[in-house]
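Trainee: Need the 3D shape of this:
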Amino acid sequence: MAEETALVTLDDVRAAATRIADRVLRTPLVPAAWGDEAHPLWLKPENLQVIGAFKIRGALNAIGALDEVARARGVVTHSSGNHAQAVALAAREYGLKATIVMPEQAPEVKLDATRALGGEVVLVPPAERESRVAELVAEHGYAYVPPFDHPDIIAGQGTIGLELLADLPDVATVLVPVSGGGLLSGVATAVKALRPNVRVLGCEPELAGDTAESFRLGERRVWPVEQTYRTMADALRVCVGELTWAHIRERVDGVLTVTEDEIAEAVRVLATRSRLVAEPGGAVAVAAYLAHAGELDHGPVVAVVSGGNIDPALLASLLAT
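Mentor: Residues are numbered from 1 along each chain as shown. Model prediction:
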């Protein structure tokens, strides 16, 4: 598959950066004083985006790239929450209708936020997300904006890689959460094109470790939802896609996994020591740093804090532990 697939290029990422420049926050790099001296840590806080997650980058790029006829019919997607909000907001900015298929177990905070942004939410069992989208496309002619497995989505997320290299040219390692793989694919594309010696590592929960298994075996593996839905990191319960896997196998140096306890500790550390609110999925790269810093190459590390849309009750319980 990888040999036959056209991969996203640095030019694609740069074009995305131009398209979305006036519509997204250029998040800063925040130094973490609590990092390892041999591996000084910088945080890329995408939880500060207006929707609380990096997903707005890919959604704006994908919808911005649609022709006027496709936009006029409206858009549809499926998401556990962060891409849902991104598509709802991007559609609102372009004056479009957005229909969002979401799993019944999606956190209430993400459901409410998606509806508040104007998205029409359709709830389904997790295993029926993609099939329901296909039905809506056939019925209404909506343009499908995939959550991760599309060149425009990958290119949009890759703008994070451009920014972090511009801000920290001597970075040695970049840690990126991975689920569907759009963020990891995009960041790796930008970083490896400009700084091929920088190590780019995916980070994911052990309980949803399909990408780590795929990387270890050299072929894409898909875990059933009964397995991936065990993790508290609801944003990371989807398996890596075919297109994103083609990018990951070519451009990513490895995948680190973390336990649920390590994810919880990362949420606490970010909140109490860096004053950043992160959801479990958004904290996974920091969890990987805390658990695996000693295994990393010496030199500066950037961890992408990919989202902060955490249920308040869950945050309170984690902080009280």
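Trainee: quick one: low-confidence parts of the protein?
Mentor: 1-4 (pLDDT under 70).
Trainee: For it, just list every one of the helices.
Mentor: All helices of the chain, identified by DSSP state H, fall at 10-20, 55-65, 68-72, 82-93, 108-116, 129-140, 151-167, 182-194, 210-217, 225-228, 242-251, 260-273, 284-292, 312-320.
Trainee: of those, which approaches residue 202 most closely?
Mentor: Taking C-beta to C-beta, helix 182-194 is the member of these nearest to residue 202, at 4.8 Å. C-betas here are computed from N, CA, C, even on glycine.
Trainee: which secondary structure elements does the closest one contact?
Mentor: Counting by 3 or more C-beta pairs under 8 Å, 6 or more residues apart in numbering; DSSP states H and E, the packing neighbours recorded for helix 182-194 are helix 10-20, helix 151-167, strand 173-177, strand 199-205, helix 242-251.
Trainee: Rebuild the ones you listed as JSON lines, extending it with mean neighbour count and distance to residue 68.
Mentor: What follows is the helices and strands packed on helix 182-194, written out as JSON lines (neighbours: other C-beta atoms under 10 Å; distance: least, C-beta to C-beta, whole Å):
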{"stretch": "helix 10-20", "mean neighbour count": "19", "distance to residue 68": "15"}
{"stretch": "helix 151-167", "mean neighbour count": "26", "distance to residue 68": "16"}
{"stretch": "strand 173-177", "mean neighbour count": "28", "distance to residue 68": "34"}
{"stretch": "strand 199-205", "mean neighbour count": "26", "distance to residue 68": "36"}
{"stretch": "helix 242-251", "mean neighbour count": "22", "distance to residue 68": "26"}
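Trainee: related to what we said a few turns ago, next, format the helices of the chain as a markdown table and append distance to residue 26.
Mentor: Listed next are these as a markdown table, based on distance: least, C-beta to C-beta, whole Å:
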| stretch | distance to residue 26 |
| --- | --- |
| helix 10-20 | 10 |
| helix 55-65 | 11 |
| helix 68-72 | 26 |
| helix 82-93 | 17 |
| helix 108-116 | 22 |
| helix 129-140 | 31 |
| helix 151-167 | 6 |
| helix 182-194 | 14 |
| helix 210-217 | 28 |
| helix 225-228 | 32 |
| helix 242-251 | 23 |
| helix 260-273 | 20 |
| helix 284-292 | 19 |
| helix 312-320 | 26 |
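Trainee: between those, which gets nearest to residue 45?
Mentor: helix 260-273 (8.9 Å).
Trainee: list the buried ones in the closest one?
Mentor: By neighbour count with 16 or more other C-beta atoms under 10 Å, helix 260-273 contains the buried residues 260, 262-271.
Trainee: Then stretch 302-313?
Mentor: 302-310.
Trainee: For the spatially most central residue of the chain, give its distance to residue 235.
Mentor: Nearest to the mean C-alpha position of the chain, by C-alpha atoms, centre = their mean, lies residue 183 at 4.6 Å. Remark: distance between residue 183 and residue 235 (C-beta to C-beta, to the nearest Å) = 10 Å.
Trainee: again, but for residue 93
Mentor: Residue 93 is 22 Å from residue 235, by C-beta to C-beta.
Trainee: for residue 136, what are its contacts?
Mentor: 76, 99, 101, 122, 142 (C-beta atoms under 8 Å, 6 or more residues apart in numbering).
Trainee: Show me the beta-bridge partners of the fourth one.
Mentor: According to DSSP bridges, the partner residues bridging residue 122 are residue 101.
Trainee: Going forward, count from 44.
Mentor: Okay, using 44 as the starting number, the last item reads as residue 165.
Trainee: What's the local residue count around residue 259?
Mentor: 12 (other C-beta atoms under 10 Å).
Trainee: on that earlier part again, compare residue 136 and residue 278 (neighbour count), which wins?
Mentor: Neighbour totals were compared for residue 136 and residue 278, and residue 278 leads with 27 against 15 (other C-beta under 10 Å).
Trainee: May I ask you to confirm that that one is in contact with residue 321?
Mentor: No - if you go by C-beta atoms under 8 Å, residue 278 and residue 321 don't touch, sitting 10.4 Å apart.
Trainee: Which residues are in contact with each of these two?
Mentor: In contact with both residue 278 and residue 321: residue 350, using C-beta under 8 Å, 6+ apart.
Trainee: ok, now which ones touch residue 359?
Mentor: Going by C-beta under 8 Å, 6+ apart, the list of residues near residue 359 is empty.
Trainee: can we see that at 10 Å?
Mentor: For residue 359, the contacting residues are residue 353, by C-beta atoms under 10 Å, 6 or more residues apart in numbering.
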